[in-house]
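Q: let me see the structure of the following:
(chains A and B)
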Amino acid sequence: MAVSGYPPIMQESLRMLEQTRAFRATQIMPRMTLAEREELLREWHPDYREESNREVKIGPNKGQRLANRLVDLLETRGIVDPAKVNLDRVDYDVDILVAGAGGAGVTASLIAHENGAKVLLATKLRIGDANTIMAEGGIAAATRPEDSPEKHFLDTYGGGRFSNKVDVISALVNDAPLIVEWLRDLGCMFDVQPNGDLMMTFAGGHQIRRTHSCKDLSGMEFMRVLRDEFVNQQIDLIEFSPVVELLLDDQGRCAGALLLNLDTNELLVVKAKAVILATGGMGRLHPSNFPTTNHYGATADGLVVAYRAGANLLHMDSVQFHPTGTFWPPQSLGLLITETMRAWGAHMVNKNGDRFIHELETRDTEAASLIREVQGRGNGIPTPDNTYGIWLDTPMINILTGIPDKVATHFAGIVHRFNLYGIDVNAEPILIYPTQHYQNGGVEIDPDGCTAIEGLYAAGEVSGGVQGRNRLGSNSMTDIFVFGQRSARHAVDYIKKAATGAPSLRHVDAYNKQLEEMNLRSDISSPLLFPDYMRKEVRARSVGR
Amino acid sequence: MNVEEKLIPIYYLGQRYDVPAGLTIMTALEWLGYVYTHGCGCRGGACGACSTMYRVGGDYKLHAGLACQTMVVPGMTLVQIPYYPRPVTKYSIDEKITDPSQVLLRLFPAIQKCVGCGACARACPQNLRPIDYVAAALRGQWQAAADLSFDCLMCGLCAARCTGELVPHSIAMFVRRYYAKLVRIKPQYLVDRSNEIKSGKFVPGVKQLATTSLEELRRLYDARSFENVDGNKH
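A: I've put the predicted structure just below:
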């Protein structure tokens, strides 16, 4: 082997890993039964740790256990003082406001626009700056003749620990193949085989290959195509202006939202007959103190404003940890290594050179087994920082596929990222450990994306019910497009007969009053908008922070 | 990571700062106390939101890179470009193109101003060569142009450096969409499956599963047979 890109302390186990390659090439790892999986999860998955969740004292889910970091943001005031807002001065008067410009939001905007609605898309960062763009693996859909929506249903439901809403998954698996066709016809460049058929890979927990990929840049390809189409359609867009509060009418119907212009700090009043929330998840709150694969903007903004307006949350006691997060170098801590590397043959290997689980179990199972291997069995690979990870044997992909440059061509993005740090993943493995990846739950929706609030829709990661308590790989891309479309279609019908009244912030007043009565006080206000990465030495010396 | 071992000077917005070696531009600015609201995205080199230009010391060369992927170096003077304006080109990808260069000239008139200087290739953080894919597109080599540009993150650094004021990443976007939709053949089985879905073929089967007892579903789940993973040898 050429010069290793890893520090000497990590290189000992590399020799063990190389020695076991020949054996591992033909080794068959058994799949786990449901009972075995459930036992492993109870013992090692962070969802089951006492400190991961706590009871929320206020709002629609009062008394239920939700992710700790989220509860911090729910048991506090908003960043807007309702008394200081003049709602009579309306900045934008539209049919449908879409909040969040990732895959779900841009899809909803396109579909609503296509169906004749006057749409405004508002987003915190730039259009397309969202978790969608970081999705590497691809999109799951039962498009092959030997696959079926029924099989997709069973995989998704079992993968979600049988907690998903069955009517919502039914919609997901039914629409999925239509979505692949829609994306293809918009000009998404899916991977194809020489005969023109779509190339499919596995994702964990799926019984059949149904992941449609665009190299390791699948989400980037979907997002840039949708954004291009959005620009072509000339739909109204406001960037750097997140939703900071919803507006309701006197009947409790959603009637618009307040946006905050991040540059001028001005509040903008948007009057709308329907609002589609597509603001993504909470990864940047770092639940259970894990690093995250998530985009900078994933701070649970949509959950917070919907909750304050009275929409209930579902499955927010459950967080997805992706088994293969980057663990070395420290500069890349927590960044995603796509599951499809395992689908193409990369093994997970401990310090003795041994595999310890079938690499394509569900993500919760894989993550729990990694934590057990390191914390429970002491089989982790030591780093110079006194932490322990597990090897993901990427060169095995070239060996098992018989294609010497398979890693170089199919995973060019990952190769490039590690090259920056002197690590050649064609020849050396990647050190990994679980990283926060996905918010399984969210604002409860029905199959049309409707929430508990009339006129308020949710689509994508901000929504709850689709994925249950654990999402399968490649199902998030399906989710954002299916429910982006469905919520937009329903909203377009809804606004035709909606008798939306004047917007108000009375629900915020009421929420604040309750906080006061319950003596719930906090130094923070929400939504958070951006994660807090300031060093305490700097904070201690700065004014107004 | 013990980041405080060695401090090195960088220059940002006219100020000299000393930051730990080994940090990226993005983490170095955050270490100083900057809170990003613009020019920060995925933080993993996958989104193109943090385009940055910099010089080092007395070197004449203007470098380009992503702030989340570029290490700080001593004496670096940098500026971030969180947003690169691009002209809006309205087009349809539904018409077969017979004369590629004519269509590209109409949609992207600046394309004729390419002098082949290669500044775009030197600026690309993905090591792409826009000069090559633009040339391929003009020759009507759609697949080559699409493949050569596929890893583009749309950061716009190529356009920022282009002496002919081309917007290569937008040209590539059009080319890939056109190629993927109209040049490639649509798989028949995808059309067939789509028609089956629209006819409601799978609704009863899915409905039956949705109303099956949990006990039976658990049995079905454990009894699934998996497609062979080892058949990945395309």
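
Q: now chain A against chain B: closest residue?
A: A:Gly187 (2.8 Å; C-beta to the nearest C-beta). Using the backbone N, CA and C atoms, a C-beta is placed for each residue, glycine as well.

Q: which residue packs closest to that residue, ignoring adjacent ones?
A: B:Arg177 (2.8 Å; C-beta to C-beta, 6 or more residues apart in numbering or on different chains).

Q: residues contacting that neighbour?
A: A:Leu186, A:Gly187, A:Val225, A:Asp228, B:Ile93 (C-beta atoms under 8 Å, 6 or more residues apart in numbering or on different chains).

Q: list phi and psi for the residue of chain A closest to chain B.
A: phi 100, psi 30 (degrees, to the nearest 10).

Q: per-residue pLDDT, the residue of chain B found nearest chain A?
A: Among the residues of chain B, B:Arg177 lies nearest to chain A; the distance is 2.8 Å by C-beta to the nearest C-beta. The score at B:Arg177 is 97. That number is its pLDDT.

Q: swap in A:Pro330?
A: In this model, A:Pro330 carries a pLDDT of 86.

Q: how many residues are close by it?
A: When neighbours are defined as other C-beta atoms under 10 Å in any protein chain shown, A:Pro330 has 18 of them.

Q: and for residue 103, nearest residue in space, chain neighbours not counted?
A: With no chain named, the answer covers chain A. A:Thr132 (3.5 Å).

Q: sorry, I should have been clearer: chain B.
A: Here the residue nearest B:Val103, using C-beta to C-beta, 6+ apart, is B:Ile97, at 5.0 Å.

Q: ok, that neighbour to B:Phe174 distance?
A: Counting by C-beta to C-beta, to the nearest Å, the separation of B:Ile97 from B:Phe174 is 10 Å.

Q: what do you get for A:Arg69?
A: In terms of C-beta to C-beta, A:Arg69 sits 42 Å off from B:Phe174.

Q: for B:Gly231, give me the pLDDT.
A: 47.

Q: cool, A:Tyr533 as well?
A: On the pLDDT scale, A:Tyr533 gets 92.

Q: before we move on, the earlier item: in this structure the residue of chain A closest to chain B contacts B:Ile93, no?
A: Yes: with contacts counted by C-beta atoms under 8 Å, A:Gly187 reaches B:Ile93, the gap being 5.4 Å.

Q: who has more neighbours, those two?
A: For A:Gly187 versus B:Ile93, neighbours defined as other C-beta under 10 Å are more numerous around A:Gly187 (24 against 21).

Q: what residues does A:Tyr307 make contact with?
A: Contacts for A:Tyr307 were tallied using C-beta under 8 Å, 6+ apart; they are A:Gly59, A:Pro60, A:Asn61, A:Leu74, A:Leu313, A:Val443.

Q: what's the helix or strand for it?
A: Assessed by DSSP states H and E, A:Tyr307 sits inside helix A:301-308.

Q: after that helix comes which helix or strand?
A: strand A:313-314.

Q: would you mind splitting chain B into its domains for me?
A: B:7-80, B:100-183 (automatic domain parsing).

Q: now the last one, how far from the centre of its chain.
A: It refers to domain B:100-183. Centroid separation for domain B:100-183 versus its chain: 13 Å, with C-alpha atoms, centre = their mean, to the nearest Å.

Q: kindly report the same for stretch A:538-545.
A: 32 Å.

Q: dump that stretch to PDB, restricted to CA.
A: Provided in PDB are the C-alpha atoms of stretch A:538-545 (Å, rounded to 0.1, in the frame of the first residue of the first chain):
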ATOM      1  CA  VAL A 538     -15.600  34.900  22.600                       C
ATOM      2  CA  ARG A 539     -19.200  35.000  24.000                       C
ATOM      3  CA  ALA A 540     -17.900  36.000  27.400                       C
ATOM      4  CA  ARG A 541     -16.300  39.100  25.900                       C
ATOM      5  CA  SER A 542     -19.000  40.100  23.400                       C
ATOM      6  CA  VAL A 543     -21.900  42.500  23.800                       C
ATOM      7  CA  GLY A 544     -25.500  41.500  23.300                       C
ATOM      8  CA  ARG A 545     -25.000  37.800  22.900                       C
END
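
Q: in the chain, which residue is most central in space?
A: No chain in the question, so chain A it is. A:Tyr438 (3.9 Å; C-alpha atoms, centre = their mean).

Q: the intended chain is chain B.
A: Centre-nearest of chain B using C-alpha atoms, centre = their mean is B:Leu153, 1.7 Å out.

Q: on the pLDDT front, check that residue for me.
A: Reported pLDDT for B:Leu153: 91.

Q: distance of the closest residue to it other than its chain neighbours relative to B:Pro130?
A: Leaving aside its chain neighbours, B:Leu153 sits nearest to B:Gly48 (3.4 Å; criterion: C-beta to C-beta, 6+ apart). B:Gly48 sits 14 Å away from B:Pro130, going by C-beta to C-beta.

Q: how about the strands of the stretch 151-300 of chain A, start to end?
A: A:200-201, A:211-212, A:236-238, A:243-248, A:254-260, A:267-277 (DSSP state E, counting those that start in this stretch).

Q: pick the most buried one from these.
A: Each of the strands of the stretch 151-300 of chain A was scored by mean neighbour count; the highest is strand A:211-212, a mean of 30, by mean count of other C-beta atoms under 10 Å in any protein chain shown.

Q: quick check: A:Glu537 vs B:Val72, distance?
A: 19 Å.

Q: more neighbours: those two, which one.
A: Counted by other C-beta under 10 Å, A:Glu537 and B:Val72 do not tie: B:Val72 has more neighbours, with 26 against 10.

Q: tell me the contacts of the more buried one?
A: Per C-beta under 8 Å, 6+ apart, neighbours of B:Val72: B:Ile8, B:Ile10, B:Val19, B:Ala21, B:Leu23, B:Thr24, B:Ile25, B:Ala28.
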